[in-house]
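**Student:** sequence first, predicted model second:
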Amino acid sequence: MTSRRDFLSASGAVLMGAAMVSRVQAASLPEAVTQSDPATMPPLLPSNGRPYNPVVTLNGWSLPWRMKNGWKEFHLVAEPVVREIAPGMKANLWGYNGQSPGPTIEVVEGDKVRIFVTNKLPEHTSVHWHGQILPNGMDGVSGLTQPAIQPGKTFVYEFVARHPGTFMYHPHADEMAQMAMGMMGFWVTHPKNPGFMPVDRDFVFLLNAYDVEPGSYTPKINTMLDFNLWTFNSRAFPGIDPLVVRKGDRVRIRAGNLTMTNHPLHLHGLNFEVTGTDGGWVPKSARWPEVTTDIAVGQMRAIEFVADAPGDWAFHCHKSHHTMNAMGHSVPTMIGVDHKGIAEKITKLVPDYMVMGDKGGSMGDMEMPIPDNTLPMMTGQGQFGPIEMGGMFTVVKVREGLARNDYKDPGWYHQPPGTRAYEWTGEMPAAASAPVKPDATSAAPSGAAQPVFNIKRGGVHEH
Ligand SMILES: [Cu+2]
């Protein structure tokens with residue numbers, strides 16, 4: 001889908017002058033640029049204002065601005081949007097400028113920022129600038145610091161972006177409904193000095209969650225904890241783009257949590273340090289190495305690592321039900337249950353009935369009909385078969401020799417010969433058995449070694 005932003009980036013700032021400035025200048029509001037393509041857009045290089053190193057919004061984009069009398073002006077439009085959660089599933093959400101989450105806003109420390117917010121929702125809203133230190137009346141809490149923005153109205157927020165760091169924006173009006181519908185966006189205030197903590201690649205995304213019944217399109221907004229779609233930027237695996245990284249790059253990943261539970265984000269193959277929170281940057285002396293960082297509700301974290309290990313490295317929430325998509329999660333465990341007898345009876349009524357779950361839950365290579373507009377629970381194909389993941393899962397792809405601004409999916413990693421787990425095809429040892437006490441052996445049936453538990457009957461039970 002061609003967006004106005006594609007046009008802008010293709011034509012460049014100079015051509016844009018001829019085509020659009022007259023119209024933009026004639027209007028009192030900056031143009032509300034929209035984007036509906038679900039792919040990750042290339043970083044938005046600043047064409048005016050202070051220089052900075054732009055971020056890459058995973059399956060998202062950054063909002064263009066205009067400079068007017070020393071103010072950096074943005075226009076956010078709160079509106080209903082359709083978001084593709086992953087190929088095969090779309091949801092009716094609320095977002096900003098054509099997408100949920102809304103576009104990332106990137107400014108520089110010290111910028112005077114003016115944001116026009118137009119409400120095209122059927123109910124009032126407001127925008128809270130999470131983590132910003134700003135005048136009280138700009139904090140966006142409807143009722144407390146301002147009247148709510150009624151449908152059809154436009155409000156103006158003005159403040160100086162004082163602190164560099166990682167922030168977000170979301171409504172502070174009918175929050176449970178509006179966040180459950182996808183109202184949120186990322187905000188990055190870059191340091192005034194572009195040489196402060198520079199990185200080669202800087203990825204950002206929000207952790208969010210939806211409850212969309214299979215076969216329906218609109219999230220259930222009253223769900224408190226039992227969401228069925230766990231997403232990065234309103235996308236579920238395999239709809240989440242990989243984080244493509246050049247070997248040797250210093251990489252930053254910033255994530256904010258706008259769900260109602262914590263998410264331990266886990267990265268394989270690389271150690272990282274938590275370098276930032278929504279309160280600011282962590283001094284070097286206070287950082288420690290991790291491969292998992294827990295991001296609590298409402299928090300933001302920036303992690304950094306040097307991509308010294310080429311490969312396809314899984315990056316995911318470590319709550320295993322957050323790496324699954326919709327469908328029933330409350331089914332009984334059938335591992336070890338022989339239900340052949342029941343299956344025979346059911347097959348008389350339902351000829352296609354399939355015995356499932358008696359050997360485990362694996363459904364990665366089963367092809368079952370699913371309702372319209374939902375996703376398989378575990379999905380995604382890798383080069384060696386089904387990945388059996390959904391939800392908050394993606395892959396950090398570290399490759400040698402990429403171009404500086406190359407974020408294209410390089411395909412699957414070709415592991416050097418002799419470096420992949422392999423099947424043992426040699427001799428197998430005799431079946432392992434637990435050590436057997438001589439007196440227990442006599443009681444056991446001949447030939448079958450019985451495990452003996454080390455229990456002292458009548459003895460003193462010590463811990
Ligand atoms: Cu999680």
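**Tutor:** Thanks, I have the structure now. Numbers count the residues shown, from 1 in each chain.
**Student:** tell me who's in contact with Val81.
**Tutor:** With contacts defined as CB atoms under 8 Å, 6 or more residues apart in numbering, Val81 is in contact with Ser36, Leu93, Trp94, Gly95, Gly98, Gln99, Ser100, Gly182. Where you see a C-beta, it was placed from the backbone N, CA and C, and this is true even at glycine.
**Student:** could you redo the last one with a cut-off of 10 Å?
**Tutor:** Shown in contact with Val81 (CB atoms under 10 Å, 6 or more residues apart in numbering): 34, 36, 91-100, 102, 181-182, 234.
**Student:** and Ile105, by the same measure?
**Tutor:** By CB under 10 Å, 6+ apart, Ile105 lies in contact with 62-63, 65, 72, 74, 76, 96, 113, 115, 129, 161, 167-169, 185-189.
**Student:** from Gln150, how far out is it?
**Tutor:** Distance check for Ile105 against Gln150: by CB to CB, to the nearest Å, it reads 23 Å.
**Student:** which residues of the chain lie near the ion?
**Tutor:** Taking CB under 5 Å from the ion as the test, the list of the chain residues beside the ion reads His263, Cys317, Lys319, His322.
**Student:** now the helices for the protein?
**Tutor:** Under the criterion DSSP state H, the chain carries helices at the ranges 4-16, 22-26, 175-180, 340-349, 438-443.
**Student:** between these, which gets the lowest average pLDDT?
**Tutor:** Per-segment confidence across the helices of the chain bottoms out at helix 4-16, which has a mean of 39 in mean pLDDT.
**Student:** pretty sure Asn228 sits against Ser216.
**Tutor:** No. At 11.1 Å, Asn228 and Ser216 do not qualify as touching, with contact defined as CB atoms under 10 Å.
**Student:** strands paired with the longest strand belonging to the chain, and their directions?
**Tutor:** Counting residues, the longest strand in the chain under DSSP state E turns out to be strand 71-86. Taking DSSP bridges as the criterion, strand 71-86 forms sheet pairs with strand 66-68 (antiparallel), strand 89-96 (antiparallel), strand 112-119 (parallel).
**Student:** now do the buried residues in it.
**Tutor:** 72-79, 81, 83-86 (16 or more other CB atoms under 10 Å).
**Student:** the closest residue to the ion within the stretch 151-300 of the chain and Thr292: what is the separation?
**Tutor:** In the stretch 151-300 of the chain, the residue that lies nearest the ion is His263 (3.5 Å; CB to the ion). Distance, His263 to Thr292, using CB to CB: 10 Å.
**Student:** residues contacting Phe116?
**Tutor:** By CB under 10 Å, 6+ apart, the residues touching Phe116 are 28-30, 32, 73-77, 154-157.
**Student:** mind picking the lowest-pLDDT entry from those residues?
**Tutor:** Least confident of those in the model: Ser28, at 81.
**Student:** ok, that residue - how many residues close by?
**Tutor:** 7 (other CB atoms under 10 Å).
**Student:** show the contacting residues for it.
**Tutor:** Each residue near Ser28 by CB under 10 Å, 6+ apart is listed here: Phe116, Thr154.
**Student:** go on, Val395?
**Tutor:** Applying CB under 10 Å, 6+ apart to Val395 gives the contacts 237-238, 240-244, 268, 311-316, 380, 382, 387, 389, 409, 412-413.
**Student:** which among the residues you listed end up buried?
**Tutor:** The neighbour-count criterion (16+ other CB under 10 Å) marks 237-238, 240-244, 311-316, 380, 387, 389, 413 among the contacts of Val395 as buried.
**Student:** sitting in strands, which of those residues do you find?
**Tutor:** Secondary structure assignment by DSSP E places Leu243, Val244, Gly311, Asp312, Trp313, Ala314, Phe315, His316, Gly380, Ile387, Met389 of the buried ones among the contacts of Val395 in strands.
**Student:** Gly98 and His130: what is the separation?
**Tutor:** Using CB to CB, we find Gly98 at a distance of 22 Å from His130.
**Student:** avg pLDDT for stretch 190-199?
**Tutor:** Stretch 190-199 shows an average pLDDT of 96 in the prediction.
**Student:** gap between the two ends of it?
**Tutor:** Between the opening and closing residues of stretch 190-199 lies a distance of 12 Å (CA to CA, to the nearest Å).
**Student:** give me the contacts around that stretch.
**Tutor:** Counting by CB under 10 Å, 6+ apart, stretch 190-199 makes contact with 46, 50-55, 106-111, 161, 163-165, 202, 249-253, 275-276, 281, 284, 302, 304-306, all of which sit outside it.
**Student:** one more time with 8 Å
**Tutor:** When contacts are taken as CB under 8 Å, 6+ apart, the neighbours of stretch 190-199 outside the stretch itself are 50-53, 106-110, 164, 249-252, 275, 281, 304.
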